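Chemist: Below are the sequence and a predicted model for it; my questions follow.
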Protein chains: 2
Amino acid sequence: MNLRDLRYILAVAEHQHFGRAAEACGVSQPTLSVQIRKIEDLLGVALFERSSRAVAPTDACQALIGHARTAVAEADAMLAVAWTLRDPLAGRFRLGIIPTLAPYLLPLVFAPLRDALPALEIEPWEDQTAALLDRLRGHELDAALLATEVDGPELASRPLFAEPFLAALPPEHPLAGREQVAEAELASDMLVLADGHCLRDQALAACGREGTLGTLRAASLATLLNMVAAGYGTTLIPGLAAGAAQDGGIVLRPLAARTGRTVRLVWRARFPRGTAVDAVGDVIASRLRGYAEGAASDVV
Amino acid sequence: MNLRDLRYILAVAEHQHFGRAAEACGVSQPTLSVQIRKIEDLLGVALFERSSRAVAPTDACQALIGHARTAVAEADAMLAVAWTLRDPLAGRFRLGIIPTLAPYLLPLVFAPLRDALPALEIEPWEDQTAALLDRLRGHELDAALLATEVDGPELASRPLFAEPFLAALPPEHPLAGREQVAEAELASDMLVLADGHCLRDQALAACGREGTLGTLRAASLATLLNMVAAGYGTTLIPGLAAGAAQDGGIVLRPLAARTGRTVRLVWRARFPRGTAVDAVGDVIASRLRGYAEGAASDVV
DNA sequence: AGATCTGATAGATATCAACTATCGCTGCAG
DNA sequence: CTGCAGCGATAGTTGATATCTATCAGATCT
């Protein structure tokens, strides 16, 4: 049995006339005659009593037609819903963001995203890189903003913008007077984030350190900056966080080698809504265009 | 879009695996791949995200699958209901009966019909011939028991049994002493039913009269018999009414020429449930078999 | 009695879903 | 790191069938 068959039944029942029903269905009258006959054979019951002047639905038809109507209506509803879902730039878009990026990037891009993609309901999800990748692979996220490379055929990624690191120093620190700071000079008293933050590994790598110094494992950049402001050491922060850092009596200095990280958009290679991914990436990249070239502290 | 397509979608969504879904649908895996792709093109949205190890339904699929499930369930329900309607000897059967027959025939055939056709819900409808034929043509009756011939290609009929007429006389009537009465002898003082009763015309015809005598237009046989018992005249009653007539101080006599009427089952020639019509006719004819040959008054 | 309207039928055609065979990709294991 | 296995996609063919046009047969109306 076929949805088309059900539509034929409904049409004949409605018009009580094969010719007009056929016209309403956009087929020829013999088509309808043959198909109705086939359905009757299939169901084992006569649906219509034909005479030369009228077509009357049988009791059996009356009993069945409600189901037919519902089935057809549901199928039509499905098409209608699908039509509203056609726009790849509409609907929910779950976007993962790492914690060292979210508080500083989201305020920048949220309005541009809403303006450029009004139908796209972006749901940010903040977590560390590994957790985001797990959720991405598990179809719990549609894309993620990371600061690391990803490999494997399963995921695809695209760089959005470069984010330079800045040295964060207490005002009384010996290096605070410099115009710029060499990465290796921070190694001796640099404070870092807790395990799992990509920034932790990147900061350590930038200074040429492998292991860890001291026992502090800050859970957030805010904690780290407060510790620096209190004179417990130095740290290395991503450029977008400069605005937040300047409030608290901290000296920011560019790095001699302009070390930084690249913020990337990552998604499953097979994710069907590539258009939405591209659009989101475009908006963010365009908002941050020229950021790395300018002075980190005043472009934002 | 097709109900089969919807079943494919449901299968893939359930198994999250094209091969197993194909097996569940009884088709090959390429069939499923191609069809799912076609539906996706038709809907304009991706339903599944395929990777080499897993098949995951998209958000769009989640939004659509409820409709698909309902549509398929309704179609299945339709088939199930149709299966219960397959038996032509089941369901409602609206049977018209003329007033001069119903009170006497129904008590005879109701139990046999119920025993022979337990699933057939017979709904008797009592009215005069013309009204029954109207309802029959208007699909408001499935068949009717009449005592007249019907013609035209629209209706078909079948004789069930012959019903002889009897002369009903007041005990003091001159003819009451006879063994039998000649039809023409009743003409002078015969009382008849109101217009519209076929028995009225048949009684008049049997006595060779065309017009009407007197002003009485009895609405029922019971009225007529009471009038006869009261000595106002004679009448002619159908044989099956003999039982009712014998109670009331009336003399019944057979007619010399054995005049009578033939009770027929009438139905629309195109009525699809010919099996039910035949069965009902068989039961009634078999119950009344031999009736006309026996003595009218004691066979019943 | 002819005209007309109805649904049914016949035969041809084109669409399409199904199959088998095979490919390409991915992940695992020797 | 290289075959091996699993999975979905693709190609090409075949068979079923829904559809068409043309026509028939029955019934009603003028």
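Modeler: Sure thing, it's come through.

Chemist: Need the nearest residue in space to A:Tyr104, chain neighbours excluded.
Modeler: Residue nearest to A:Tyr104 in three dimensions, not counting chain neighbours: A:Leu240, with 3.9 Å by Cβ to Cβ, 6 or more residues apart in numbering or on different chains. Glycine gets a C-beta too; all of them are placed from N, C-alpha and C.

Chemist: Taking helix B:59-85 as reference, get the angle to the helix or strand A:Cys61 falls within.
Modeler: A:Cys61 is part of helix A:59-85, with elements assigned from DSSP states H and E. Interaxial angle of helix A:59-85 relative to helix B:59-85 (axes from the mean of the first three to the mean of the last three Cα atoms, to 10 degrees): 180 degrees.

Chemist: any idea how far the residue nearest to A:Tyr104 is from B:Arg69?
Modeler: 47 Å (Cβ to Cβ, to the nearest Å).

Chemist: And those two? Which one has more around it.
Modeler: Under the neighbour definition other Cβ atoms under 10 Å in any protein chain shown, A:Leu240 and B:Arg69 were set side by side, and A:Leu240 has more, 24 against 16.

Chemist: Now do the contacts for the more buried one.
Modeler: Contacts here follow Cβ atoms under 8 Å, 6 or more residues apart in numbering or on different chains; on that basis A:Leu240 touches A:101, A:104-105, A:108, A:163, A:300.

Chemist: Grab the nearest non-local neighbour of the residue of the stretch 201-300 of chain A found nearest DNA strand C.
Modeler: Going by Cβ to the nearest atom of the strand, DNA strand C is nearest to A:Ala269 of the stretch 201-300 of chain A, at 6.6 Å. Sequence neighbours aside, A:Ala156 is the residue nearest to A:Ala269 in space, at 4.3 Å (criterion: Cβ to Cβ, 6+ apart).

Chemist: Could you tell me how far the helix holding A:Cys61 lies from the centre of the chain?
Modeler: Relative to the mean C-alpha coordinate of its chain, helix A:59-85 is positioned 34 Å out (Cα atoms, centre = their mean, to the nearest Å).

Chemist: That one packs against which elements?
Modeler: Helices and strands touching helix A:59-85, by 3 or more Cβ pairs under 8 Å, 6 or more residues apart in numbering or on different chains; DSSP states H and E, are helix A:3-15, helix B:3-15, helix B:29-43, helix B:59-85, strand B:91-97.

Chemist: I'd like a version of those in CSV, one that adds distance to DNA strand D and mean pLDDT as further columns.
Modeler: CSV is the format used below for these (distance: least, Cβ to the nearest atom of the strand, whole Å; pLDDT from 0 to 100):
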stretch, distance to DNA strand D, mean pLDDT
helix A:3-15, 5, 94
helix B:3-15, 8, 94
helix B:29-43, 3, 93
helix B:59-85, 13, 92
strand B:91-97, 19, 95
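
Chemist: can I get these in TSV with distance to B:Leu145?
Modeler: Listed next are the helices and strands packed on helix A:59-85 as TSV, based on distance: least, Cβ to Cβ, whole Å:
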stretch	distance to B:Leu145
helix A:3-15	30
helix B:3-15	44
helix B:29-43	55
helix B:59-85	25
strand B:91-97	5
